[in-house]
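Novice: I would like the atomic coordinates for the input below:
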Amino acid sequence: MKIRTSHISLRAGFTLIEIVITLTIIAILASGSIYLLKGQIDSAKDTRVDSDIQAIGLALQSYESRALRMPTTEQGLKALVEKPTIEPIPENYRAFMEEMPKDPWGAEYKYRFPAQKSKKPYDVWTMGADGLDGTEDDMGNWKKTATK
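Specialist: Take a look at the predicted model:
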């Protein structure tokens, strides 16, 4: 008489192939997510530039109404934060911003009076991601950036 014994084998873990396949799938999903988020980050930077330029524009209008003139190009946007030391020095000075915001790439916004590109009396712009003035990625008060 032959006795049959059944062997029940229990798997106690994952095989190396299963682990490699799982990690590959996770890596593919993560890289796809990063690719999609990059577009959102770029859009957020454009939106921030728009809001910074609007805030600077409001401060410039307030400066003009109090000093009866816009700051000169030489005085720059610094005139919105501290009293200019370069002529013409306004008699009735008041700071209109606590500090000048930096663009999303860490650079200072540029200012020019009178304007050369904008329909407003002044130009305010950022040199964009490349940090070079006069290139295509410059964003200023002469064009909307968030609608790219």
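
Novice: which residues touch Gly128?
Specialist: Gly128 makes contacts with Trp105, Thr135, Asp137, Asp138, Met139, as judged by C-beta atoms under 8 Å, 6 or more residues apart in numbering. Bear in mind the C-beta positions are built from the backbone N, C-alpha and C, glycine included.

Novice: then Trp142?
Specialist: Trp142 touches Ala115, Lys117, Ser118, Lys119, Asp123, Trp125, counting by C-beta under 8 Å, 6+ apart.

Novice: ok, back up a step: so which of the contacts of Gly128 sit within strands?
Specialist: Those of the contacts of Gly128 mapping onto strands are Met139, per DSSP state E.

Novice: so which two of the contacts of Gly128 are the farthest from each other?
Specialist: Largest separation among the contacts of Gly128 by C-beta to C-beta: Trp105 and Thr135, giving 12.9 Å.

Novice: these two - which one has more neighbours?
Specialist: Trp105 (14 against 11; other C-beta atoms under 10 Å).

Novice: just want the phi and psi numbers for that one.
Specialist: Per-residue torsions, Trp105: phi -100, psi 10 (degrees, to the nearest 10).

Novice: other SSEs contacting the helix or strand hosting Leu37?
Specialist: Leu37 is located in helix 16-67, with elements delineated by DSSP states H and E. When contacts are defined as 3 or more C-beta pairs under 8 Å, 6 or more residues apart in numbering; DSSP states H and E, helix 16-67 sits against strand 123-126, strand 139-140.

Novice: name every strand pairing with the longest one and say which way it goes.
Specialist: Strand 123-126 has the following sheet partners, assigned by DSSP bridges: strand 110-112 (antiparallel), strand 139-140 (antiparallel).

Novice: and the first one, how far from the chain's centre?
Specialist: Distance of strand 110-112 from its chain centroid, counting by C-alpha atoms, centre = their mean, to the nearest Å, is 18 Å.
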